[in-house]
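J.: fold the following.
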Amino acid sequence: MSRLEERYRFVLRLLPAAYRQEWEDDMVAAFLDSMDTGDSETTAYVTDYGRPSLSEVASIVSLAVRLRLGGADAPPRSYAWGQAVRLATLMAMLTHAVMITTSIAVTLWLSGKIAWLPAPASEWTITPPSSIWHTAWNLAGYAWLPAYIALVLGHRRVAQAVALLAVVPPAITTAVQQAGDVPLSVSSWAMLLIDVVLLLAMAAFHHGAPPVPRRPWLLALPVGVLLVPVPLFTIQATTPALRLLDWPGLSCAAVTAAMVIHLTVRVSRRPRNLPWSLALTLLAVTTLAQRTATLPDYSDQAQHTTLATIASVQAIAVLAVGVPLAVLAIRALRRLPPIPATQRPTTPTE
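T.: Here you go, the predicted model:
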């Protein structure tokens, strides 16, 4: 086996095992034929030192996503994982969109643009940015709102491009600040990493995936604003003790509440919904990782003992509810048939 073939077979390991068993040799043969230049010396050199092109690797990655995160016509296990990733992505995007919509409303209120609301207290006033550039840079995070709407409407590539605008500026700002006098913070990098994963997870909305039900997910945006951020902002503005809850803590509370509701629905003998169970499990793992990664940032704060205790309780709550849900989801997933090796290899278009 040549070095080039070894490298190509290594990339093919991204595909499901059953699919590789059926089609790997044919794919390798077709790839090696495409690398034959007709000149023996050049071909020998490519065989020893060549590598699969970026376009070839991207094609295999896209095919792996389509096979492992299947659409409506995919095998049950592949479809369950695909729906789980899509639901988890939609819920995470919805959270961003809800908080950003609320942030826009709060900014307008603090700026005195909403005259029918009471004037904010003096400690809640905001300082305007020093330039138009800083204004545009700070508004980059608001791109999650149109990205969510584009994803729900079925424009995945547009959603990814717009979401990229929300990821890059905070990453640059954080890198510049922590390269200077600002102490190293794990929280900011952990949240940026989650946003990058969210950006990549949109690949699950490929052309073979079922369309997103537009009406419920669009309606969830105003409902979410009314049910979560508005009451939370009001309570935190009047109850100083609740200001100790940071974003990872609020995420733990929201995910825990969602898992409790989902488990209650299962216990009440309603129809099981495996994709929702898997989606909430994925969100629980992500939230728990974020909560754990942000704990070191409390060491330099005055209330570090209180904050660490609260964070530990939040993590325990996620584990207490998430582990039973994960066990139920894994058991249900194992009862589904695995991915069959019946689909011919194709070059993905998305």
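J.: so what's the residue nearest to the spatial centre of the chain closest to, chain neighbours aside?
T.: Nearest residue to the geometric centre of the chain (Cα atoms, centre = their mean): residue 198, 2.4 Å. Excluding the flanking residues, the one nearest residue 198 by Cβ to Cβ, 6 or more residues apart in numbering is residue 92, at 5.3 Å. For the C-beta atoms, the positions are set from N, CA and C on the backbone; glycine is no exception.
J.: residue 326 too?
T.: Here the residue nearest residue 326, using Cβ to Cβ, 6+ apart, is residue 281, at 4.7 Å.
J.: residue 323 versus the one you found, what's the distance?
T.: According to Cβ to Cβ, to the nearest Å, residue 281 and residue 323 sit 9 Å apart.
J.: the longest helix belonging to the chain: how far from the chain's middle?
T.: Taking DSSP state H as the criterion, the chain has its longest helix at helix 76-110. Distance of helix 76-110 from the chain centroid (Cα atoms, centre = their mean, to the nearest Å) equals 9 Å.
J.: now for it, which elements pack on it?
T.: Contacts defined by 3 or more Cβ pairs under 8 Å, 6 or more residues apart in numbering; DSSP states H and E place helix 76-110 against helix 54-68, helix 144-152, helix 186-201, helix 214-227, helix 229-238, helix 274-293.
J.: that older thread, contacting residues around the residue nearest to residue 198?
T.: Going by Cβ atoms under 8 Å, 6 or more residues apart in numbering, residue 92 touches 194, 198, 201, 283, 286.
J.: buried subset of those?
T.: With burial judged by 16 or more other Cβ atoms under 10 Å, the buried subset of the contacts of residue 92 is 194, 198, 201, 283, 286.
J.: you'd agree the last one is up against residue 191?
T.: Read it as residue 286. No - using Cβ atoms under 8 Å as the test, residue 286 is too far from residue 191 to be in contact (10.7 Å).
J.: low-confidence stretches in the stretch 151-300 of the chain?
T.: Across the stretch 151-300 of the chain, the ranges flagged by pLDDT under 70 are 180-184, 229-230, 232-245, 266-272.
J.: so what's residue 82 up against?
T.: With contact set as Cβ under 8 Å, 6+ apart, residue 82 has these partners: 68-71, 74, 204, 209.
J.: let's see that with 7 Å instead.
T.: Residue 82 sits next to 69-71, 74, 204, 209 when contact means Cβ atoms under 7 Å, 6 or more residues apart in numbering.
J.: and what of residue 68?
T.: Applying Cβ under 7 Å, 6+ apart, one finds that residue 68 lies in contact with 16, 78, 81.
J.: surely the residue nearest to the centre of the chain meets residue 89?
T.: Yes - assessed by Cβ atoms under 7 Å, residue 198 is found in contact with residue 89 at 6.4 Å.
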